[in-house]
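K.L.:
whatever this is, show me its structure:
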Amino acid sequence: MANVLIVDHQSSIRKSLTSSLSGSGHNVNEATSGKAALEMAAKSRIDLMFLDIELPGAGGVEVLSDLKGNPRTSEIPVIMLTSLPSAETESASLRLGASNVLVKPCSPSDLETMVRIALREGEDAASAGSGGATGSVEDVGMEAPPYDDYQEEEVFAKHSGEPGKFISTGGRLTKLDTALDGGLPVGGLALIEGPSDSGKSVICQYLMHGAISDGWEVAYFTSDRLAQDLGQQMNSIGLALPAGAHEHKLSLHTINRAASGEATGSPIDDLASDIESLPASCGLVVIDGITEISMVSEPRAVMGFFSTFQQLCSAGMAIVVVAQSAAFDSSLLSRLRQLCNSHISMSNESVRGRPVSGCNVTKLNNGEKAKTNGFFFNVEGEFGVKVVPVAQVKI
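P.N.:
Have a look, this model is predicted:
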């Protein structure tokens with residue numbers, strides 16, 4: 001287990017975190033000041049640090065800057081703690097290299113998820129530091145992310161290879177795994193909706209790669225992408241699948257295009273029938289997308305369409321439905337969100353005049369999430385998703 005250092009001036013917070021982390025098997029030490037934290041980090045091995053932003057004296061952001069500026073301590077993953085959340089302090093922390101920002105007091109599930117992901121980031125950083133190549137970031141007028149969510153092909157070997165209870169990116173896109181509290185639950189129905197070119201398909205590809213790497217079979221339904229196009233698309237963003245995956249772990253299916261004025265027609269029935277015939281070993285079904293079917297169907301038919309998927313999820317698979325926001329009016333979208341177990345809202349935003357995509361998990365496993373439960377990103381060829389470290393983006 002990990003060596004964890006908790007740096008907080010409130011004894012009640014230190015006590016609560018120590019109890020939770022010790023109960024999970026971690027070795028926990030405590031400090032009450034930034035100076036003590038820096039001294040302990042320089043002398044002892046620390047796998048993870050919880051650092052209070054509101055420390056008296058040298059504040060947490062200043063201590064974080066010192067940690068990340070010292071080669072001996074720069075790779076320690078740091079989760080910032082705050083009782084007064086703000087976009088400015090969160091943005092500053094992420095730019096300096098914090099793994100995440102945790103509002104205290106926190107729930108055990110949030111704590112467990114953040115610890116797991118932060119430790120994975122620390123392991124990846126250590127591996128890259130010991131043998132990885134270094135490079136430069138081109139100046140494009142936007143601050144570069146404090147970390148890189150892309151890892152080399154060795155990451156594939158770090159997956160369990162055995163199906164679990166969640167569908168995640170397996171560390172390929174840690175910000176998405178964090179927003180999903182570790183992953184989409186198997187047996188749930190998720191809706192990903194947003195405007196054109198907002199990154200919906202890219203998010204699906206990360207989830208598909210993680211599911212296949214963890215041993216699941218994946219079925220991908222599309223109306224406009226050929227099998228070879230999908231492979232090329234995933235290869236182009238660093239998500240190359242292992243040899244044989246297309247034959248044994250990934251099946252591709254065509255969604256029949258809907259005819260104008262078709263209320264309940266055959267595309268809906270055919271799609272539901274195809275999913276029902278999938279093998280029990282299929283853990284993830286991605287339907288990318290249903291915009292055309294929805295736009296020519298009555299709201300009642302679309303609701304029935306989603307209800308059928310919800311019933312199929314009870315058989316033990318995760319189903320992700322992708323659509324453009326224009327496919328639903330506001331009333332229908334609200335009802336579909338209630339019907340789905342999870343909802344991911346995508347958006348097109350702008351930072352300093354440059355376009356970025358927004359990904360926000362508004363509902364997860366039947367629980368509503370905070371509006372800020374997401375991240376902003378760009379997609380770069382060969383590297384994939386690059387997280388933009390800003391807490392708020394103005395259109």
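
K.L.:
and residue 196, its phi and psi?
P.N.:
phi -60, psi 140 (degrees, to the nearest 10).

K.L.:
touching, it and residue 322? I think so.
P.N.:
No - using C-beta atoms under 8 Å, residue 196 is not in contact with residue 322; the gap is 11.6 Å. Any C-beta I mention is one placed from the backbone N, CA and C, and that applies to glycine too.

K.L.:
neighbour count for the two, which is higher?
P.N.:
Applying other C-beta atoms under 10 Å to residue 196 and residue 322 shows that residue 322 carries more neighbours, namely 24 against 11.

K.L.:
check whether that one really touches residue 198, as I assumed.
P.N.:
No - in this structure, residue 322 is not within contact of residue 198 by C-beta under 8 Å, at 10.7 Å.

K.L.:
overlap in contacts, the two.
P.N.:
Shared contacts of residue 322 and residue 198 (C-beta atoms under 8 Å, 6 or more residues apart in numbering): none.

K.L.:
what element comes up after the lowest-mean-pLDDT helix or strand in the chain heading to the C-terminus?
P.N.:
Least confident element among the helices and strands of the chain, by mean pLDDT, DSSP states H and E: helix 245-248 (a mean of 67). Remark: after helix 245-248, the chain's next helix or strand is strand 250-254, criterion DSSP states H and E.

K.L.:
give me the residues contacting that next one.
P.N.:
Strand 250-254 is contacted from outside by 208, 212, 217-223, 227, 230, 241, 274, 278, 282, using C-beta under 8 Å, 6+ apart.

K.L.:
pull the distance from it to the chain's centre.
P.N.:
Centroid separation for strand 250-254 versus its chain: 24 Å, with C-alpha atoms, centre = their mean, to the nearest Å.

K.L.:
quick one: mean pLDDT over that strand.
P.N.:
The average pLDDT for strand 250-254 rounds to 85.

K.L.:
what lines up beside it in the sheet?
P.N.:
Strand 250-254 has its sheet partners listed here by DSSP bridges as strand 217-222 (parallel).

K.L.:
what lies in contact with the strand it pairs with?
P.N.:
Under the criterion C-beta under 8 Å, 6+ apart, residues 208, 211-212, 230, 248-255, 271, 274-275, 278-279, 281-289 lie in contact with strand 217-222.

K.L.:
which of those residues are buried?
P.N.:
Buried by 16 or more other C-beta atoms under 10 Å: 208, 211-212, 230, 249-253, 255, 271, 274-275, 278, 282-289, out of these.

K.L.:
in helices, which of those fall?
P.N.:
208, 211-212, 230, 271, 274-275 (DSSP state H).

K.L.:
pLDDT and distance to residue 13 added to those, as CSV?
P.N.:
Formatted as CSV, these follow (pLDDT from 0 to 100; distance: C-beta to C-beta, whole Å):
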residue, pLDDT, distance to residue 13
208, 92, 39
211, 89, 37
212, 88, 40
230, 79, 47
271, 77, 50
274, 82, 51
275, 83, 47
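
K.L.:
now the residues you listed in JSON lines, with distance to residue 85?
P.N.:
Converted to JSON lines, those look like this (distance: C-beta to C-beta, whole Å):
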{"residue": "208", "distance to residue 85": "33"}
{"residue": "211", "distance to residue 85": "32"}
{"residue": "212", "distance to residue 85": "36"}
{"residue": "230", "distance to residue 85": "39"}
{"residue": "271", "distance to residue 85": "42"}
{"residue": "274", "distance to residue 85": "45"}
{"residue": "275", "distance to residue 85": "41"}
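
K.L.:
nearest to residue 7, of the residues you listed?
P.N.:
residue 211 (36.8 Å; C-beta to C-beta).

K.L.:
which ones are touching the closest one?
P.N.:
Contact analysis of residue 211 by C-beta under 8 Å, 6+ apart lists 167, 218, 283-284.

K.L.:
and it, how far is that from residue 288?
P.N.:
Distance, residue 211 to residue 288, by C-beta to C-beta, to the nearest Å: 14 Å.

K.L.:
one more: residue 325?
P.N.:
Taken as C-beta to C-beta, the span from residue 325 to residue 288 is 15 Å.

K.L.:
repeat for residue 90
P.N.:
Distance from residue 90 to residue 288, by C-beta to C-beta: 32 Å.
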